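K.L.:
Following is a predicted model, sequence given first.
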Amino acid sequence: KEETGELKEFFSNGLYHLPKSRALVMDPVRVLNAFYTNFRVSPSMYYCRSFESISHGEKPVSESRRKRKRKRRPYALNERELAAEMRHQEARPFLLDAHKALLEEIDFMSILPSLKRNGCPTNGIESLSNAEQVTEPSFVELGHLWQAPYYEISLRFRDQSTPSEDFTGAEPIQYCKEVSMSLFNNLVSNWTDDDMKAQFLDNLYILPRKCRFHMSDLRQIHHLIPASSDDGFNLIVIDPPWENRNVHTKSVYPTLPNRYLLSLPVKKLAHSEGALVALWVTNREKLRVFVEKELLPAWGVNQETIFYWLKIKEDGSLLSDLDLIHHRPYECLVLGYTQGKGGNFCDQQKYTPLKGDQVVISIPGDHSRKPPIGNLLTNHVPGPLPARCLELFARELMAGWTSWGNEPLRFQHSRFFLSK
Ligand code: SAM
């Protein structure tokens, strides 16, 4: 079937703007692919989690859980739940509008189920590495060892005179340059305009062009503070490891008590002309109040608006019932500005103001993995362009960005990539 203009755009950049609504659908795989020259993100690896739940259907609810559920009805909301419900009612019309607009796009809906297979051979996907045979290191654990300062990463990059096909193919060693450096608590960068391969403990990682990362604990974050605030960041995306009761989250990554986040040096990381700060928050009311009343003021951030990330399954249906109190199918991105040197929170003459209540719809990837919204925000940053972008608590790298956290290489492992 012939592609419409909108569909063509989606196939090239992974973004589909839904007409008559403030929403867009994102295919994170396509968005991330733009950062690489010789590789592409493996759709089946990206979409591993959500697709499983779809193909096998909802997990059956055990009888004891059903009984517990029955006992709790009728259910009177407590004060906090009522406040959360009010927030939900504010968001609900935007989310419903966005979802309705998606369901009306018949052509687009028909391609949604194929995103996982996109561009891959139908009979078996050729992964870049034989990753099954390698034990993937846990950066979080290694970073705590006394040997951590001695771990090195080797960066292999193409000599400018090398033809590009030699880089992904047999890779004769004489074509490649290699440098080794400390992996932990060190600013590692791919300064080239090309992808880089990096080796660490027999594992291969792919670094997008012009990226930098600092793999360290919160105690070391001050190493990212620029000597002069004129060299600071004007877009800062933060996805903290919020504490919650979910045992699964605790087994995936360590969490941090809220009070530790108060000390995140957002003001010192920000550019002298101010920064747009984008903070991922969960729907827990206690957390939302903490963010508004304590965290943003401590960081010197003036809240401007909220974006919503609406999670769908591959058939376009919502991941869960929109009104399910403790399992909403959406998360929030709180957006605000730090003060620039003139004392203004934002000088809107100098950049496009943010439109509030936008909805980004996508099929979720791995646990807690957020859609790469960074490039949707770059038009709205104060200060110099191209924007100087920083992601805090990152688990992946992006071209042109600095990523910090205790495992920013996690999704850069070659098992998440395919050769182009
Ligand atoms: N934005 C990420 C993504 O889309 O995949 C998810 C980030 S996850 C919510 C939080 C991250 O913070 C995890 O990688 C976790 O290991 C990391 N983290 C937890 N405690 C940390 C600490 N003390 N210092 C640095 N990073 C930490």
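P.N.:
Here it is on my side, so go on.
K.L.:
And the helices in the stretch 301-420 of the chain?
P.N.:
Ranges of helices in the stretch 301-420 of the chain, per DSSP state H, counting those that start in this stretch, are 374-377.
K.L.:
Tell me, please, where in it the pLDDT is lower than the cut-off.
P.N.:
342-350 (pLDDT under 70).
K.L.:
Could you check the longest strand seen in the chain against the ligand for contacts?
P.N.:
What stands out as the longest strand in the chain, according to DSSP state E, is strand 301-311. No. Applying C-beta under 6 Å from any ligand atom, one finds strand 301-311 separated from the ligand by no less than 10.8 Å. Placement of C-beta: from N, CA and C, glycine included.
K.L.:
helices or strands up against that strand?
P.N.:
helix 79-104, strand 276-281, strand 330-338, strand 359-362 (3 or more C-beta pairs under 8 Å, 6 or more residues apart in numbering; DSSP states H and E).
K.L.:
which parts of it are buried?
P.N.:
301-304, 306-311 (16 or more other C-beta atoms under 10 Å).
K.L.:
so what's H88 up against?
P.N.:
283, 323, 328 (C-beta atoms under 8 Å, 6 or more residues apart in numbering).
K.L.:
Tell me the one of the residues you listed nearest the ligand?
P.N.:
Using C-beta to the nearest ligand atom, N283 is the member of these that lies nearest the ligand, at 14.5 Å.
K.L.:
Does the closest one touch C332 like I think?
P.N.:
Yes. Taking C-beta atoms under 8 Å as the definition, N283 is a contact partner of C332 at 7.0 Å.
K.L.:
so how far is the host helix or strand of M109 off the chain centroid?
P.N.:
Assigned by DSSP states H and E, M109 belongs to helix 106-111. Chain-centre distance of helix 106-111: 25 Å, with C-alpha atoms, centre = their mean, to the nearest Å.
K.L.:
Pull the residues that contact the helix or strand just after that helix.
P.N.:
Next helix or strand after helix 106-111 toward the C-terminus (DSSP H and E): helix 139-142. Contacts with helix 139-142, where a contact means C-beta under 8 Å, 6+ apart, come from 148, 151, 184, 215, 253-254, 406-407, 409-410.
K.L.:
The ligand contacts on the stretch 151-300 of the chain?
P.N.:
217-218, 239, 241, 253-254, 256.
K.L.:
Any stretches of the stretch 51-200 of the chain with poor pLDDT?
P.N.:
In the stretch 51-200 of the chain (pLDDT under 70), the answer is 51-74, 118-134, 160-175.
K.L.:
Now the helix holding M109 - C-alpha only, PDB.
P.N.:
Written as PDB, here are the backbone C-alpha positions of helix 106-111 (Å, rounded to 0.1, in the frame of the first residue of the first chain):
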ATOM      1  CA  ILE A 106      -6.200   3.000  10.300                       C
ATOM      2  CA  ASP A 107      -3.100   2.800   8.100                       C
ATOM      3  CA  PHE A 108      -0.800   3.500  11.000                       C
ATOM      4  CA  MET A 109      -2.500   1.000  13.300                       C
ATOM      5  CA  SER A 110      -2.000  -1.700  10.700                       C
ATOM      6  CA  ILE A 111       1.800  -1.300  10.900                       C
END
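K.L.:
Give me the contact list for it.
P.N.:
Under C-beta under 8 Å, 6+ apart, the answer for helix 106-111 is 1, 4, 6-7, 10, 16, 25, 102-103, 316.
K.L.:
L204: which of the helices and strands packed on strand 301-311 is closest?
P.N.:
The closest of those to L204 is strand 359-362. By C-beta to C-beta, the value is 27.3 Å.
K.L.:
The closest one pairs with which strands, and in what direction?
P.N.:
Partners of strand 359-362 in the sheet, by DSSP bridges, are strand 23-26 (parallel), strand 301-311 (parallel).
K.L.:
what does that strand rub up against?
P.N.:
18, 21-28, 94-95, 97-99, 102, 307-312, 371, 373, 376.
K.L.:
And stretch 272-288, what's buried?
P.N.:
Across stretch 272-288, burial judged by 16+ other C-beta under 10 Å covers 272-285, 287-288.
K.L.:
Pick the one among these closest to A83.
P.N.:
Closest to A83, out of all of these and judged by C-beta to C-beta, is E285, at 5.2 Å.
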